[in-house]
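Asker: got a sequence here, can you build the structure:
(chains A and B)
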Amino acid sequence: KNQVEQSPQSLIILEGKNCTLQCNYTVSPFSNLRWYKQDTGRGPVSLTIMTFSENTKSNGRYTATLDADTKQSSLHITASQLSDSASYICVVRSLTGANNLFFGTGTRLTVIP
Amino acid sequence: NAGVTQTPKFQVLKTGQSMTLQCAQDMNHNSMYWYRQDPGMGLRLIYYSASEGTTDKGEVPNGYNVSRLNKREFSLRLESAAPSQTSVYFCASIAGIAYEQYFGPGTRLTVT
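Answerer: Model (predicted):
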């Protein structure tokens, strides 16, 4: 069964600290994996996309990693800011099927001053 | 470009009432989607439209109907609202199979 699991469910960190969010998936065959940021009361916005051949990709203070062998991805946030407070959603696309997007339940990050 | 727009932003219904949630995109995307988001459950697909003129059920279609009015617009209708349909509803669109989904701002629906 195609599933996407994220951990932790929620996280509270001090401003300026780093954190890492995890995404494990069983989706097969794998096409790509996206990390989305969802601010409170808004729709999700894409942060980065990882394809099978990519191990690491950065977008400013956000760095995503992908291990396609173990089917794990992480999102590392460096020098956190108050504006990083949001939910982060991992979405994995399968190569097959008309409905081929699988969503994690998200990690709720709160950055406190 | 406005991206993906949704109306209304908030709505309160009584059980049994009907309503239509509107969604429009100005990015010339082929595929459009309706999701609901509930605490602890993430985004769940209600219906999607791979292209103009086609619609398909997603994971949780019961109690909903959709219309792909044209390439730009995709509406979601609740014929007889139930408290279990209290949720935040998101519309999304995508240019093609490997591209990013663009989400609307959401509609917060409460059914009493």
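Asker: which outside residues touch stretch A:55-72?
Answerer: A:22-27, A:30, A:33, A:35, A:47-50, A:52, A:54, A:73-81, A:84 (C-beta atoms under 8 Å, 6 or more residues apart in numbering or on different chains). Every C-beta, even on glycine, is put in place using the N, C-alpha and C of the backbone.
Asker: only the buried residues of that stretch, if you could.
Answerer: A:57, A:62, A:63, A:64, A:65, A:66, A:68, A:71 (16 or more other C-beta atoms under 10 Å in any protein chain shown).
Asker: in terms of helix, strand or coil, where does the third one fall?
Answerer: Look at residue A:63: counting by DSSP: H, G, I helix; E, B strand; the rest coil, its state is strand.
Asker: contacts with chain B among the contacts of stretch A:55-72, please.
Answerer: By C-beta under 8 Å from any C-beta of the partner chain, the members of the contacts of stretch A:55-72 lying near chain B are residue A:49.
Asker: which of the contacts of stretch A:55-72 count as buried?
Answerer: A:23-25, A:27, A:30, A:33, A:35, A:47-50, A:73-75, A:77, A:80, A:84.
Asker: residue 81: what's it in contact with?
Answerer: Unless you meant another one, I'm taking chain A. Here residue A:81 is in contact with A:15, A:61, A:111 (C-beta under 8 Å, 6+ apart).
Asker: you answered for a different chain; I wanted chain B.
Answerer: B:13, B:14, B:15, B:16, B:17, B:18, B:19, B:109, B:111.
Asker: what is the nearest of those residues to residue A:6?
Answerer: Of all the contacts of residue B:81, residue A:6 sits closest to residue B:109, with 25.3 Å by C-beta to C-beta.
Asker: what does the helix or strand that contains the closest one contact?
Answerer: Taking DSSP states H and E as the criterion, residue B:109 maps to strand B:107-111. The contact list for strand B:107-111 (C-beta under 8 Å, 6+ apart) reads B:6-15, B:17, B:19, B:21, B:78, B:81-90.
Asker: show me the two of the buried residues of stretch A:55-72 that sit farthest apart.
Answerer: Taking C-beta to C-beta, no two of these sit farther apart than A:62 and A:71, at 20.6 Å.
Asker: quick one on the thing from earlier: just the buried ones from the contacts of strand B:107-111?
Answerer: B:6, B:11, B:13, B:21, B:78, B:81, B:85, B:86, B:87, B:88, B:89, B:90.
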